[in-house]
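K.L.:
coordinates only, sequence not included:
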């Protein structure tokens, strides 16, 4: 891991971009906040990158431009996380403008398409990159004469900021139409929203961490995925931050004394089933502990169980799928 401090941040990013070889003359010096820690930097020849060029919509999916050639990927962690994603992106945008790049997409969170955008664009795996579904910013740009493209994704956790930069230089197409780590879908097929049977657009309210929407989803569907409860692989800790979906459920239960909520934890498929069942119960138990300690709800109103990796909502064969599978669902039950 390389630590980048003070004024060295911009220079370090420029050096990484210059590793793209032919694009060294067109890639600008992009500024990063002070104290950035580079967590990954890699260059892959004969690769493929799908650069988002528009916001995700239910009708169109995610518009992208396929670039075959040399793909560079890097990520930085910004200790402290005091700057918003928009504040981090602003000087990067200015640097690209000054270098004559064309901005293709400049959006934030819901303006990008929220959850669906996040899971249809390429994101480096945790812990190198972290994306808060309600607090991220994306910028894509093209160099003069199409010599290179860049995708910049910025987000933050309660403790740190995260920056991901993917650059692609057009060149010979890869031998395989399905290079790792980017999966190339059928070009002729439009991108579609995830079917409601997988629990995704029907629980869209919980995707944003919006309290009223979580409650509405519980009432309408009987369950909701609480995606503002996010876990690293093997972890069940919520930390000290407030969880909007759980606060909304607490208000709902106090207003409806004839209702109960069962929290069901889920995991990715890393490790044994027995270990994952225990971990999933711990994740659900974290929700119960939060409501008990912060809102005074008792065991007659809230309970926890775990399904391990037996009920995935995505493939466990890739990093994004594993992130989505590490979750807690709330299930609405009648009072006893």
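P.N.:
Received, thanks. Here the structure is a predicted model, which means the values were calculated and not measured.

K.L.:
Stretch 265-278: which residues count as buried?
P.N.:
Across stretch 265-278, burial judged by 16 or more other C-beta atoms under 10 Å covers 265, 266, 267, 268, 269, 276, 277, 278. For glycine as for every other residue, the C-beta is placed from the backbone atoms N, C-alpha and C.

K.L.:
Could you do stretch 114-128 as well?
P.N.:
Counting neighbours by 16+ other C-beta under 10 Å, one finds that the buried residues in stretch 114-128 are 114-126, 128.

K.L.:
Also stretch 302-321?
P.N.:
302-304, 306-309, 312-314, 319-321.

K.L.:
need those residues in a markdown table with distance to residue 169 and secondary structure, can you?
P.N.:
Below are these laid out as a markdown table (distance: C-beta to C-beta, whole Å; DSSP: H, G, I helix; E, B strand; the rest coil):
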| residue | distance to residue 169 | secondary structure |
| --- | --- | --- |
| 302 | 53 | strand |
| 303 | 54 | strand |
| 304 | 50 | strand |
| 306 | 46 | strand |
| 307 | 44 | coil |
| 308 | 43 | coil |
| 309 | 39 | coil |
| 312 | 36 | coil |
| 313 | 35 | coil |
| 314 | 31 | coil |
| 319 | 24 | helix |
| 320 | 24 | helix |
| 321 | 29 | helix |
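
K.L.:
I'd like those written out as a markdown table, with pLDDT added.
P.N.:
As requested, the buried residues of stretch 302-321 are arranged in a markdown table below (pLDDT from 0 to 100):
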| residue | pLDDT |
| --- | --- |
| 302 | 95 |
| 303 | 94 |
| 304 | 92 |
| 306 | 91 |
| 307 | 90 |
| 308 | 91 |
| 309 | 92 |
| 312 | 90 |
| 313 | 89 |
| 314 | 90 |
| 319 | 88 |
| 320 | 87 |
| 321 | 88 |
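
K.L.:
quick one, helices of the chain?
P.N.:
For the chain, the helices defined by DSSP state H cover 8-18, 85-98, 114-120, 204-207, 211-221, 244-255, 273-295, 319-325.

K.L.:
Does residue 105 touch residue 52 like I think?
P.N.:
Yes - Residue 105 is within contact range of residue 52, at 5.7 Å (criterion: C-beta atoms under 8 Å).

K.L.:
okay, and the common contacts of those two?
P.N.:
Residues touching both residue 105 and residue 52 (C-beta atoms under 8 Å, 6 or more residues apart in numbering) are 112, 138, 140.

K.L.:
ok, what's across the strand from the second one?
P.N.:
Pointing back at residue 138 there. Bridge pairing for residue 138 (DSSP bridges) gives the partners residue 107, residue 153.

K.L.:
That one: neighbour count?
P.N.:
Burial of residue 138 is recorded as 26 neighbouring residues (other C-beta atoms under 10 Å).

K.L.:
Was I right to think it contacts residue 107?
P.N.:
Yes - Residue 138 lies in contact with residue 107 (C-beta under 8 Å); the separation is 5.6 Å.

K.L.:
Which pLDDT value goes with the residue lying closest to residue 156 once chain neighbours are set aside?
P.N.:
Nearest residue to residue 156, sequence neighbours excluded (C-beta to C-beta, 6 or more residues apart in numbering): residue 81, at 4.4 Å. Predicted confidence (pLDDT) for residue 81: 73.

K.L.:
on that earlier part again, out of the helices of the chain, the one nearest residue 40 is which?
P.N.:
Closest approach to residue 40 among those is made by helix 8-18 (10.1 Å; C-beta to C-beta).

K.L.:
mind listing what residue 42 touches?
P.N.:
Residues near residue 42 by C-beta under 8 Å, 6+ apart: 72, 73, 74.

K.L.:
quick one: the last one from residue 166, how far?
P.N.:
Separation of residue 74 from residue 166 (C-beta to C-beta, to the nearest Å) stands at 8 Å.

K.L.:
Same question for the second one.
P.N.:
Shown here: residue 73 relative to residue 166, a distance of 5 Å by C-beta to C-beta.

K.L.:
do residue 56 as well
P.N.:
From residue 56 to residue 166 the distance is 17 Å (C-beta to C-beta).

K.L.:
same question, residue 260
P.N.:
Separation of residue 260 from residue 166 (C-beta to C-beta): 45 Å.

K.L.:
what's the most buried one of the helices of the chain?
P.N.:
Mean neighbours per residue, mean count of other C-beta atoms under 10 Å, is largest over these for helix 204-207, with a mean of 25.

K.L.:
mind checking pLDDT for the closest residue to residue 162 other than its chain neighbours?
P.N.:
Nearest residue to residue 162, sequence neighbours excluded (C-beta to C-beta, 6+ apart): residue 130, at 4.8 Å. For residue 130, the model assigns a pLDDT of 86.
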